[in-house]
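>>> I would like to see how this sequence folds:
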Amino acid sequence: MRRGVALNNAPMQARPIKMLDVFRYAQGASSVEVVLDGYPNYHHLMASPGLQAPKLMLERGINPSALVTAPGGRRRPVIGIRSSPWKAGQRSNPWHDEFDLDHGHVRYYGDHKPGTTGLPGATPGNRALLDAWHQHAATAADDRSLAPPLLMFRSRTVRRGVVKGHVEFCGVAVIERLEYVVQRDTDSGRSFPNIVLDLAVLDLAESGDALDMRWIDDRRNPALNVADTMRYAPSSWKRWVSQGRSVIPRVRRRVLASRLKAVEEQLPVVGSNEERVLMSLYRFFDGRKHAFELLASKVAAQVLGESGAMYREGWLTRAGGDGGVDFVGRLDVGSTGSSTPLVVLGQAKCVTPRTSIGPDQVARVVARLRRGWVGVFVTTGVFSRQAQVEIVDDQYPLVLINGRVLVEQVLRMTAQDHDGDLDAHLKTVVEAYENGVTQRRPEEILLG
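Take a look at the predicted model:
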């Protein structure tokens, strides 16, 4: 019997795997045991009943399943992705993956490392993702139907001090964007190439926020053509296969009730390099807070520019008479030849990192906004729960950039423009401050 061929045609029972469920992952564990050490057994869940097929492992960050030769051509059934946040910044994992499951977005770095020779596709993991990208970015539905779904997991700590052996299911994703980047190894200071992917986590609401693993079983079955494997696929996957990139905003996972962020979520991890950088930013600008407004303006440009719209930096307002506005920018929404400009008003607050920005401070910016304008509030601190509640409840067009996001963007700019030298970066900010200040009305930026 061919490896992977179905042993029988008996109906398979649904095997749902729910978002954020935690599983015991043990390398040599049997797939027979349903529960292992009090947690659902990962290998039992991933075993495909009726198929003789290799285990779907999570030994590496990127775990492509074996190719299947089936009617209609070869396909890769699935790629398992495992992120280990507890390793971030170490030599074995010098990158920092970003998970925003409530908004259906994951930013995931490939597995090229400082000591890896060759281009970013030299490792098996990166090579599998690059191959998958061609299918995920395909313009034809037939090509997208062959694309391997990405099953997302991240390591979880279930007991104090024990960070290995348990994984949390983070959904099924498609590749929305792939970029080639240069990263820096914090230990050696060496730069190395890699790839980074923006992944759209698909909405599973119609199936109870769960994925039916029979879909993956079908994709692994060489007796089935790709059309037959769609019977248990999530409806969001089917819509993406049918309509492509344009439908991603409508099939992306959204959790509307969780837009409020706790203090810990707004600050870097305690003891991390990012925490030290944030404190350095505060100390550096504490005696020159007006210069911080220029840094905030540039960070706002980075954040708003990532939305796909075109952001243009404007100017800084004069100290003492800003009336709740520290910088002005312009956001051009749309495509070339068919866009509309929006005025962006920004407020910057350099405060000790655990200081909360309250609703009254946020309200000063909101009060200056006119119809169609957008506000940005950048701080080294955090935003109070009440300030966030008022923005959500009243649907204010205000982007909040807390200390955690601030330091992430500053580090990215420092790596890109100053070869990782933070002191040199901050020095250029101070030197450029005076030239960035002008006395103009915000709406004048629409004339340029």
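>>> list the contacts of H290.
L316, A319, Y433 (C-beta atoms under 8 Å, 6 or more residues apart in numbering). All C-beta atoms are positioned from the backbone trio N, CA, C, and that covers glycine.
>>> could those go into TSV alongside distance to D143?
Formatted as TSV, those follow (distance: C-beta to C-beta, whole Å):
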residue	distance to D143
L316	49
A319	56
Y433	51
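>>> which of the residues you listed are buried?
Among the contacts of H290, those scoring as buried are L316, Y433 (criterion: 16 or more other C-beta atoms under 10 Å).
>>> and the least confident of the contacts of H290?
Among the contacts of H290, A319 carries the weakest pLDDT, at 75.
>>> give me the below-cutoff pLDDT ranges for the stretch 251-400 of the chain.
256-259, 320-323, 336 (pLDDT under 70).
>>> so where do the strands sit in it?
Using DSSP state E, counting those that start in this stretch, the strands of the stretch 251-400 of the chain run over 310-316, 327-335, 338-349, 356-357, 374-379, 382-383, 398-401.
>>> which helix of the chain spans the most residues?
Ranked by number of residues, the top helix in the chain under DSSP state H is helix 289-305.
>>> domain ranges for the protein?
16-256, 259-447 (automatic domain parsing).
>>> tell me how far the first one is from the chain's mean position?
Between the centre of domain 16-256 and the centre of its host chain there is 14 Å, according to C-alpha atoms, centre = their mean, to the nearest Å.
>>> wait, D332 sits on S307?
No: between D332 and S307 there is no contact under C-beta atoms under 8 Å: 11.2 Å.
>>> so which of these two has more stuff around it?
Taking neighbours as other C-beta atoms under 10 Å, D332 and S307 compare with D332 leading, 14 against 11.
>>> buried residues in stretch 139-152, which are they?
R144, S145, L146, A147, P148, P149, L150, L151, M152.
>>> re earlier: what's the angle between the longest helix of the chain and strand 310-316?
Interaxial angle of helix 289-305 relative to strand 310-316 (axes from the mean of the first three to the mean of the last three C-alpha atoms, to 10 degrees): 170 degrees.
>>> pull helix 289-305 out as CSV, backbone CA atoms only.
This file holds the C-alpha atoms of helix 289-305, laid out as CSV (Å, rounded to 0.1, in the frame of the first residue of the first chain):
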residue,chain,number,x,y,z
LYS,A,289,10.9,67.0,25.5
HIS,A,290,10.2,69.3,22.5
ALA,A,291,12.8,67.3,20.5
PHE,A,292,10.8,64.2,21.4
GLU,A,293,8.0,65.6,19.2
LEU,A,294,10.2,65.0,16.1
LEU,A,295,10.9,61.4,17.1
ALA,A,296,7.1,60.9,17.7
SER,A,297,6.4,62.4,14.2
LYS,A,298,8.7,60.0,12.6
VAL,A,299,7.3,57.0,14.5
ALA,A,300,3.8,58.1,13.5
ALA,A,301,4.9,58.1,9.9
GLN,A,302,6.2,54.6,10.2
VAL,A,303,3.0,53.2,11.9
LEU,A,304,0.5,55.0,9.5
GLY,A,305,2.7,54.1,6.5
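>>> element containing G171, please.
strand 166-184 (DSSP states H and E).
>>> return the set of buried residues in that strand.
Counting neighbours by 16+ other C-beta under 10 Å, strand 166-184 gives 166-176, 178, 181, 183-184 as buried.
>>> following that strand, which helix or strand shows up next?
Downstream of strand 166-184 (by DSSP H and E), the next one is strand 191-201.
>>> paired strands for that following strand, with orientation please.
Sheet pairing for strand 191-201, assigned by DSSP bridges, gives strand 105-109 (antiparallel), strand 166-184 (antiparallel).
>>> any idea of the mean pLDDT in the very next helix or strand once past it?
Sequence order places strand 210-212 as the next helix or strand after strand 191-201, per DSSP H and E. For strand 210-212, the mean pLDDT works out to 96.
>>> can you check stretch 403-421 too?
93.
>>> neighbouring contacts of that stretch?
182-184, 189, 265-268, 274, 277-278, 281, 295-296, 298-299, 302-303, 353, 378-382, 401, 422, 424-425, 428.
>>> which of the buried residues of stretch 139-152 fall in strands?
The strands, defined by DSSP state E, take in L150, L151, M152 from those.
>>> export the residues you listed to a markdown table and tack on distance to D417 and pLDDT?
Rendered in a markdown table, the data for these read as follows (distance: C-beta to C-beta, whole Å; pLDDT from 0 to 100):
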| residue | distance to D417 | pLDDT |
| --- | --- | --- |
| L150 | 32 | 98 |
| L151 | 36 | 98 |
| M152 | 32 | 97 |
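>>> rebuild these as TSV, extending it with distance to T438.
Formatted as TSV, those follow (distance: C-beta to C-beta, whole Å):
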residue	distance to T438
L150	47
L151	52
M152	47
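>>> which of the residues you listed sits closest to V241?
L150 (14.3 Å; C-beta to C-beta).
>>> once you drop chain neighbours, what's closest to the closest one?
A173 (4.5 Å; C-beta to C-beta, 6 or more residues apart in numbering).
>>> which of the contacts of stretch 403-421 count as buried?
183-184, 266-268, 274, 277-278, 281, 295-296, 298-299, 302-303, 353, 378-382, 401, 422, 425.
>>> re earlier: nearest to Q388 among the buried residues of stretch 139-152?
Nearest to Q388 out of these is M152 (C-beta to C-beta; 26.6 Å).
>>> excluding residues flanking it in the chain, which one is nearest the closest one?
In space, M152 is closest to C170, 3.9 Å off (C-beta to C-beta, 6+ apart).
>>> reformat the strands paired with strand 191-201 as CSV; add distance to D21.
Formatted as CSV, the strands paired with strand 191-201 follow (distance: least, C-beta to C-beta, whole Å):
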stretch, distance to D21
strand 105-109, 17
strand 166-184, 5
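>>> wait, which of those is closest to D326?
strand 105-109 (28.4 Å).
>>> now what about the closest one, what contacts it?
81, 83, 95-100, 152, 170, 173, 181, 183, 194-201, 252.
>>> go again with 7 Å.
81, 83, 95, 97-99, 152, 173, 194, 196-201 (C-beta atoms under 7 Å, 6 or more residues apart in numbering).
>>> can you check stretch 117-136 too?
60-62, 64, 79, 110-112, 116, 143-144, 146-148, 174-175, 178, 180, 193-195, 197.
>>> that one: which residues count as buried?
Buried residues in stretch 117-136 (16+ other C-beta under 10 Å): 120-121, 123, 125-133, 135-136.
>>> just the closest of those to Y25, please.
G125 (17.6 Å).
>>> what about the closest one, which SS state?
helix (DSSP: H, G, I helix; E, B strand; the rest coil).
>>> residues near G61, how many?
22.
>>> then the one 5 residues further on?
A count of neighbours around A66, defined by other C-beta under 10 Å, yields 12.
>>> any idea how far it is from A128?
11 Å (C-beta to C-beta, to the nearest Å).
>>> and D332, by the same measure?
When D332 is compared with A128 (using C-beta to C-beta), they lie 37 Å apart.
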